[in-house]
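*Asks:* make a model of this:
(3 chains)
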Amino acid sequence: MNITQILVGSLSVITLFSALMVIISRNPVHSVLWLIVTFFSISGHYIVLNAQFLAIVNIIVYAGAIMVLFLFVIMLMNLNRETEPQKNKWLKLAGVLSGGSLLLVIVAALHTGDIKAMAQVKEGDIGLIGTLGKELFSTYVVPFEISSILFLSAMVGAVVIGKKE
Amino acid sequence: MLLNIYIDWAFVLEKFLLVAVIVTLSLVIAMYTTYAERKVAAWLQDRRGPNRAGPFGLLQPLADGGKLFFKEEIIPLASSKFLFILGPSLAMITATLTSAVIPWGTSLHLFGRDISLQIADVNIGILYIFGVVSLGVYGIMIGGWASNNKFSLLAAIRGASQMISYELAMGLALIALLMMTGSLQMSVIVKNQVANGWHIIYQPLGFLIFFVCALAECNRTPFDLAEAENELNFGYHQEYSSMKLGFYLFAEYINMFISSAVMSTLYFGGYDIPFVNEAAWNIDANLLALIGFAVLMAKTFFFLFVFLWIRWTIPRFRYDQLMNLGWKKLIPLALINMVVTAAVILWLKK
Amino acid sequence: MQLTQRAKQVDRRPMTFVESLYLWNIAKGMWITFTHLFKKRPTINYPEQTRSFSKVFRGLHVLNRDAEGRENCTACGLCAVACPAEAITMEAAERLPGEENLYREEKYAAKYEINMLRCIFCGLCEEACPKDAIYLSQTFAPANYGRKGFIYKKDELLIPHPVNDPQGYQKAREEKSGKVK
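*Replies:* Below is the predicted model of the structure:
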């Protein structure tokens, strides 16, 4: 057992725990905060995999911007125990059933699947900024440009919706 | 199973010492920035400023800190206690985290070791700063929400939207800089400036945008919308008292110090001594590193002074003016700056 | 109708892009505050330094004694009559045998009070006094926690005894003549 394994292990525990807490916590603000913890531990995984760029972008974009907007919305909606809707018993049962079957499918897929590529701990360089940039602008230039056009149209759409009133 | 861990203890000790020194340094400097703030404010208004505690009032920050420590601690009943405490702690942590990637000087040679005066020379240095800055929002948001006070909440929302808006322009201004250096590593950026001249010569507009955004990110006047006294009482830290309030105020000063250091590193050559070629001097490398550190500090203090100077000159923006400036002025300017820089670089390479 | 030549038409044209960056105006403002760094500061370090009063400054009242230490006041009441703020009250008493070293004349003020909250320090009492018994010094009333503290009795108003406390008497005389700031 070396340091990397200890790191990966503890990070995974933290990730799973905080992800569970996202679902379990009753206060939605706490949920969001746990989700931020989850993002941080995932970024930790990226760093262990020597993908520092992905790690930091994950923090900037998800923890730094998107979760702030989430927090915004939840704080303004003022969700608390009184406003929590009464859930149907059957609805809960359906949720458990569908979630359970999804878990079953995933486990089955992973069980039979043949995992060839192991995680490249500390040696892979695909997550470094130089390599990633070159890959994005050579091999994956078409998907990259298409996604940027998608974002642009989303932005224009948002502006149009905002301008209507 | 045996724990087979090899740790270079000397390395760990060295980094630990460096972290301790830099954090202490930034705390002390932040402490004395509060004093400088009051002194500069007084001078700009033809007053004298604090001069009672110790010679020239130099012990004033200690007196202020002591006062804050011994004040009664009040946690509002209707607040959520854990988040209420988490808010100022987060503000403080994110403020101190940034200093890790700033190269404070070249390396020292002590005890046969090469000790770099940079805690972590990661290859995503600028993005790291960016990430930590974007987390600075949480201190304000969580504190403002946990106070369970509508003014605090309004201020938190204002602060958060302001920070997110200005981060964009800041990032775009930085991209132009990165195109020139071709690296995100702070040490490479500084070395590039030592070799080719400071970036302020090539990127004056970029620097201006970066500077304005740094003011906004630090919640400094004229962008201190989050603590607008006359609209929101005291903004996000209205319910705070004692050292928790102190932490919020202190974090602001640490942020100021760090962003001054970042500006001097990115645009003003970092530890580069201006107008001379220090490599030609025949002096001890250790001495040279210390001189470089002093030069960086001098630049940083200059920017700190500018921060204070601006605070006591320019009145606060109105909220719509703030958003207009951010989205309709700074971002287009930053985009133009980026495109022009890219075009010039391409043209030069041809 | 134009009263002065300084009236200026307000420019209400919308700002151009460059103007709306506020750069030039900010630079102007920064320059103004910067010049203030080098201006002389009018503030003084108060308890250590004090500003000098003019020679005709009218401060707290002093009840005078003659060179032997006898009180000048005869409780004639002219000062109280002259006082526009009605701040002075007194009670007269007759000098008994054996008190000749205390009071200069046969009648004296057994009680003499000035309400410093009412007093407007106009100095009319000093002018009204035929006996040179009251004058206004160069000091002002210090702060106090209650209203009662501002009603000055005889013991606070009287000048120090010239025989028993020559130094205090000398100091008070100098303050009167305006030698000490």
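
*Asks:* residue of the stretch 1-150 of chain B nearest chain A, please.
*Replies:* residue B:134 (2.9 Å; Cβ to the nearest Cβ). Backbone N, C-alpha and C define where each C-beta goes, glycine included.

*Asks:* could you measure from residue B:47 over to chain C?
*Replies:* With the distance defined as Cβ to the nearest Cβ, to the nearest Å, residue B:47 ends up 5 Å from chain C.

*Asks:* let me know how buried that residue is, in neighbour terms.
*Replies:* By other Cβ atoms under 10 Å in any protein chain shown, the residues close to residue B:47 number 13.

*Asks:* that one reaches residue C:40, doesn't it?
*Replies:* No. Contact between residue B:47 and residue C:40 fails when scored by Cβ atoms under 8 Å: they sit 11.8 Å apart.

*Asks:* got the contact list for the residue in the stretch 251-350 of chain B that chain A sits nearest to?
*Replies:* In the stretch 251-350 of chain B, the residue that lies nearest chain A is residue B:327 (10.9 Å; Cβ to the nearest Cβ). Residue B:327 sits next to residue B:165 when contact means Cβ atoms under 8 Å, 6 or more residues apart in numbering or on different chains.

*Asks:* so which helix or strand takes in residue B:172?
*Replies:* Secondary structure assignment for residue B:172, by DSSP states H and E: helix B:150-181.

*Asks:* quick one: the strands in the stretch 1-150 of chain B?
*Replies:* Here the stretch 1-150 of chain B has its strands, by DSSP state E, counting those that start in this stretch, at B:108-110, B:113-115.

*Asks:* kindly apply the preceding question to chain C instead.
*Replies:* Remark: strands assigned in chain C by DSSP state E are C:61-63, C:88-94, C:107-115, C:134-136, C:151-152.

*Asks:* any chance of these in a markdown table, plus mean neighbour count, mean pLDDT and distance to chain A?
*Replies:* Shown next, in a markdown table, are those (neighbours: other Cβ atoms under 10 Å in any protein chain shown; pLDDT from 0 to 100; distance: least, Cβ to the nearest Cβ, whole Å):
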| stretch | mean neighbour count | mean pLDDT | distance to chain A |
| --- | --- | --- | --- |
| strand C:61-63 | 23 | 88 | 65 |
| strand C:88-94 | 15 | 90 | 66 |
| strand C:107-115 | 19 | 90 | 59 |
| strand C:134-136 | 20 | 87 | 65 |
| strand C:151-152 | 18 | 90 | 59 |
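
*Asks:* from chain C, how far off is the most centrally placed residue in chain A?
*Replies:* For chain A, the residue nearest the mean C-alpha position is residue A:39 (6.3 Å; Cα atoms, centre = their mean). With distances taken as Cβ to the nearest Cβ, residue A:39 is found 37 Å from chain C.

*Asks:* wait, isn't that residue in contact with residue A:63?
*Replies:* Yes. Under the criterion of Cβ under 8 Å, residue A:39 makes contact with residue A:63 at 4.6 Å.

*Asks:* can you give me the helices in the stretch 201-350 of chain B?
*Replies:* B:204-217, B:229-232, B:242-267, B:285-311, B:319-323, B:331-349 (DSSP state H, counting those that start in this stretch).

*Asks:* can you give me the pLDDT of residue B:337?
*Replies:* At residue B:337, the model reports a pLDDT of 91.

*Asks:* give me the neighbour count for it.
*Replies:* Under the neighbour criterion other Cβ under 10 Å, residue B:337 is assigned a count of 22.

*Asks:* for it, give me its contacts.
*Replies:* Contacts here follow Cβ under 8 Å, 6+ apart; on that basis residue B:337 touches B:172, B:173, B:176, B:203, B:205, B:206, B:209.

*Asks:* domains in chain A, by residue range?
*Replies:* Domain assignment for chain A by automatic domain parsing gives A:1-80, A:128-165.

*Asks:* got the buried residues for the last one?
*Replies:* Think domain A:128-165. Across domain A:128-165, burial judged by 16 or more other Cβ atoms under 10 Å in any protein chain shown covers A:128, A:129, A:132.

*Asks:* whatever residue of the stretch 151-300 of chain B ends up closest to chain A and chain C, how far apart?
*Replies:* Of all residues in the stretch 151-300 of chain B, the one sitting closest to chain A is residue B:160 (5.4 Å; Cβ to the nearest Cβ). Noted for residue B:160: a distance of 24 Å to chain C, by Cβ to the nearest Cβ.
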